[in-house]
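J.: Okay, sequence plus prediction incoming.
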Amino acid sequence: MTTTTHRFRKTAAALSLIGVLSITACAPVSTDASSTAASVTTSSASTTAPISTQSTPSGTTAQSITDTASAAEDFMATLSAEQREQILYAYDDEAKTTSWSNFPVTFVDRAGLNLSDLTEEQQAAALGVLEGLLSEEAYATITDIMGGDQYLYENSTSTEESLGQYYIAFFGDPSDTSAWEVQFGGHHLGINATLNGAEDSITFAPTHLGSQPAVYTDADGNEVQPLAGMYESAFAFYDSLSQEQQAQLYQGEQVSNMVCAPGGTCDYPTGTGIAGSELTEEQKQLLLEVVANWVGLADEQTTAEELAKIEASLDETYVNWSGATVYDMTAGEGIYFQISGPDVYIEFSNQQGSAGADVDGVTTGGWGHIHTIYRDPANDYANSVTQHEATGMSGPGGTGAPAGAPLAVG
């Protein structure tokens with residue numbers, strides 16, 4: 001059986017660019033550098049077939065912006081006038097912050113168009129937007145997350161009709177010269193990518209990446225682990241710490257609920273655990289490898305510039321950890337870690353419940369159920385709009401639990 005997992009191989013190249021960025025502009029770099037921080041078995045190449053033929057981004061931010069804008073225009077050309085009206089929002093529309101969540105789409109309404117309502121041609125064109133935006137490995141990770149939801153839909157005991165439903169919306173007109181946002185997601189996925197051709201910048205803050213199950217078998221018999229890189233890099237960092245440092249980091253039993261849930265407001269708690277100033281240079285680089293799982297979704301230049309910004313304030317950034325201390329998915333109930341500083345906020349949380357999405361012989365809770373959030377306290381949504389609380393588990397006007405409630409739902 002082939003195991004299909006993904007780590008962003010460009011991360012090592014991006015990290016090597018950080019020092020260069022302080023003295024010169026980035027030149028395009030190759031995409032075949034290997035990651036340097038794995039302490040457990042790394043992944044094989046993805047066997048996920050491309051859903052459309054859009055080429056992957058090159059190493060520069062400008063090229064990623066151009067590719068994404070072009071793909072968005074191609075997608076919109078396939079839509080009716082009514083559909084184009086549904087997908088387009090003002091750049092500063094408040095819905096940008098309330099229309100995504102880690103809850104199913106039947107609990108929190110999403111903005112834009114539901115891919116399940118589109119023709120096959122339109123679906124392929126919509127996914128072409130993601131291919132223009134993301135690196136090849138990040139795109140494979142996203143489609144593998146979606147594959148996990150489809151796996152649950154076909155094999156689990158859950159009757160949740162939202163499994164496999166994903167929405168796409170644009171805030172602002174797609175352009176390679178001005179600012180706009182691609183919002184894409186469903187239950188275990190919420191991408192908010194702001195692209196600004198005028199400033200040559202892309203930010204993925206805020207973004208929700210999740211997976212249930214964390215490991216599943218696809219239709220071809222391949223074992224797929226979409227977020228293996230998060231586990232691998234996190235334990236590589238943890239294992240690099242001395243016993244004294246681990247004692248500072250460790251907070252006890254595994255935490256299930258997230259402090260800053262996707263789609264919710266946040267006060268960005270910090271100061272708990274170990275500070276970046278107490279890490280060695282090697283440990284700081286390993287921590288940046290962890291962060292790259294969220295900020296390293298596009299090209300090497302975008303990744304390097306974001307990591308350089310985070311590295312500059314890493315001494316004031318804190319990391320804490322709870323739950324398992326050994327990467328063994330057969331033991332314990334998983335892990336929680338939080339990275340909190342001036343320029344980055346990340347939570348990784350294994351959800352203890354399966355939310356009724358049980359599959360015989362497959363772990364769909366704890367280690368097997370991942371929710372994460374990445375935010376930038378200084379630059380969420382590229383500061384285009386203020387985060388408002390999402391509407392809750394019953395959708396707009398409903399009476400369900402708010403988006404910041406305990407994450408017992410799938």
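T.: Good, I have the coordinates.
J.: so how far is Gly271 from the residue nearest the centre of the chain?
T.: Nearest residue to the geometric centre of the chain (CA atoms, centre = their mean): Leu209, 3.6 Å. Separation of Leu209 from Gly271 (CB to CB, to the nearest Å): 25 Å. Where you see a C-beta, it was placed from the backbone N, CA and C, and this is true even at glycine.
J.: again with Asp220
T.: In terms of CB to CB, Asp220 sits 47 Å off from Gly271.
J.: If you count surrounding residues, which of these two has more?
T.: Ranked by neighbour count (other CB atoms under 10 Å), Asp220 and Gly271 place Asp220 first, with 12 against 9.
J.: quick one: secondary structure of the residue nearest to the centre of the chain?
T.: Following DSSP: H, G, I helix; E, B strand; the rest coil, the label given to Leu209 is strand.
J.: Hmm, it is touching Thr372, no?
T.: Yes. Counting by CB atoms under 8 Å, Leu209 touches Thr372, with 5.1 Å between them.
J.: Find residues that contact each of those two.
T.: Shared contacts of Leu209 and Thr372, defined by CB atoms under 8 Å, 6 or more residues apart in numbering, comprise 227, 230, 294.
J.: Go through the helix or strand encompassing the second one and flag the buried ones.
T.: Yep, that's Met230 we're talking about. Using DSSP states H and E, Met230 sits in helix 228-240. For helix 228-240, a neighbour-count test (16 or more other CB atoms under 10 Å) marks 228-238, 240 as buried.
J.: Report the contact partners of the residue nearest to the centre of the chain.
T.: Per CB under 8 Å, 6+ apart, neighbours of Leu209: 141, 145, 188-189, 227, 230, 293-294, 370, 372, 374.
J.: Just send the buried residues of helix 228-240 back as TSV, with distance to Gly361 and pLDDT too.
T.: Shown next, in TSV, are these (distance: CB to CB, whole Å; pLDDT from 0 to 100):
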residue	distance to Gly361	pLDDT
Ala228	19	98
Gly229	25	98
Met230	23	98
Tyr231	20	98
Glu232	24	98
Ser233	28	98
Ala234	26	98
Phe235	25	98
Ala236	29	98
Phe237	31	98
Tyr238	29	98
Ser240	34	98
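J.: Show me where the protein has its helices.
T.: For the chain, the helices defined by DSSP state H cover 10-21, 61-77, 81-87, 95-98, 120-133, 136-155, 228-240, 243-249, 281-295, 300-312.
J.: out of the ones you listed, nearest to Thr363?
T.: helix 136-155 (12.2 Å; CB to CB).
J.: Would you mind writing the CA trace of that closest one as CSV?
T.: Coordinates of each C-alpha in helix 136-155 appear next as CSV, following Å, rounded to 0.1, in the frame of the first residue of the first chain:
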residue,chain,number,x,y,z
GLU,A,136,1.7,21.8,-6.2
GLU,A,137,2.1,20.2,-2.8
ALA,A,138,-0.3,22.6,-1.0
TYR,A,139,-2.9,21.9,-3.7
ALA,A,140,-2.5,18.2,-3.2
THR,A,141,-2.9,18.7,0.5
ILE,A,142,-6.1,20.7,0.0
THR,A,143,-7.6,18.1,-2.4
ASP,A,144,-6.7,15.4,0.1
ILE,A,145,-8.5,17.2,2.9
MET,A,146,-11.5,17.3,0.6
GLY,A,147,-11.0,13.6,-0.1
GLY,A,148,-11.2,12.9,3.6
ASP,A,149,-14.6,14.6,3.8
GLN,A,150,-15.8,12.5,0.8
TYR,A,151,-14.4,9.4,2.5
LEU,A,152,-16.5,10.1,5.5
TYR,A,153,-19.6,10.8,3.4
GLU,A,154,-19.2,7.4,1.7
ASN,A,155,-18.1,5.3,4.6
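J.: and the angle for that helix with helix 120-133?
T.: 140 degrees (axes from the mean of the first three to the mean of the last three CA atoms, to 10 degrees).
J.: Just list what helix 136-155 packs against, helices and strands only.
T.: Based on contacts counted as 3 or more CB pairs under 8 Å, 6 or more residues apart in numbering; DSSP states H and E, the elements that helix 136-155 packs against are helix 120-133, strand 189-196, strand 208-211, strand 216-217, strand 223-225.
J.: Rounded mean pLDDT for it, please.
T.: The pLDDT scores in helix 136-155 average 95.
J.: Okay, buried residues for that helix please.
T.: Going by neighbour count (16+ other CB under 10 Å), the buried part of helix 136-155 is 136-149, 151-153, 155.
J.: Ok, stretch 195-206 next?
T.: So for stretch 195-206, counting by 16+ other CB under 10 Å, buried means 195-197, 200-206.
J.: who's in contact with that stretch?
T.: By CB under 8 Å, 6+ apart, stretch 195-206 touches 61-62, 64-66, 68-69, 133, 175-182, 190-194, 262, 294-295, 297-298, 302, 305-306, 373-376, 379-382, 387.
J.: again, 7 Å this time
T.: The contact list for stretch 195-206 (CB atoms under 7 Å, 6 or more residues apart in numbering) reads 61-62, 64-65, 68, 175-180, 191-194, 294-295, 297-298, 302, 373-376, 379-380, 382.
J.: Just the buried subset of those, written out for PyMOL, thanks.
T.: The PyMOL selection below is limited to those of the contacts of stretch 195-206 classed as buried (16+ other CB under 10 Å):
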select buried, resi 61+62+64+65+68+175+176+179+180+191+192+193+194+294+295+297+298+302+373+374+375+376+379+380+382
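J.: just the shared contacts of Leu209 and Thr372 now: which is nearest Glu82?
T.: Ranked by distance to Glu82 (CB to CB), the shared contacts of Leu209 and Thr372 are led by Trp294 at 34.9 Å.
J.: So for the closest one, what's the nearest residue that isn't a sequence neighbour?
T.: The shortest distance from Trp294 to any non-neighbouring residue, by CB to CB, 6 or more residues apart in numbering, is to Tyr374 (3.6 Å).
J.: before we move on, what about Ala331?
T.: Among residues not flanking Ala331 along the chain, Ala324 sits closest, at 7.0 Å (CB to CB, 6+ apart).
J.: How many residues are close by that neighbour?
T.: Ala324: 20 neighbours (other CB under 10 Å).
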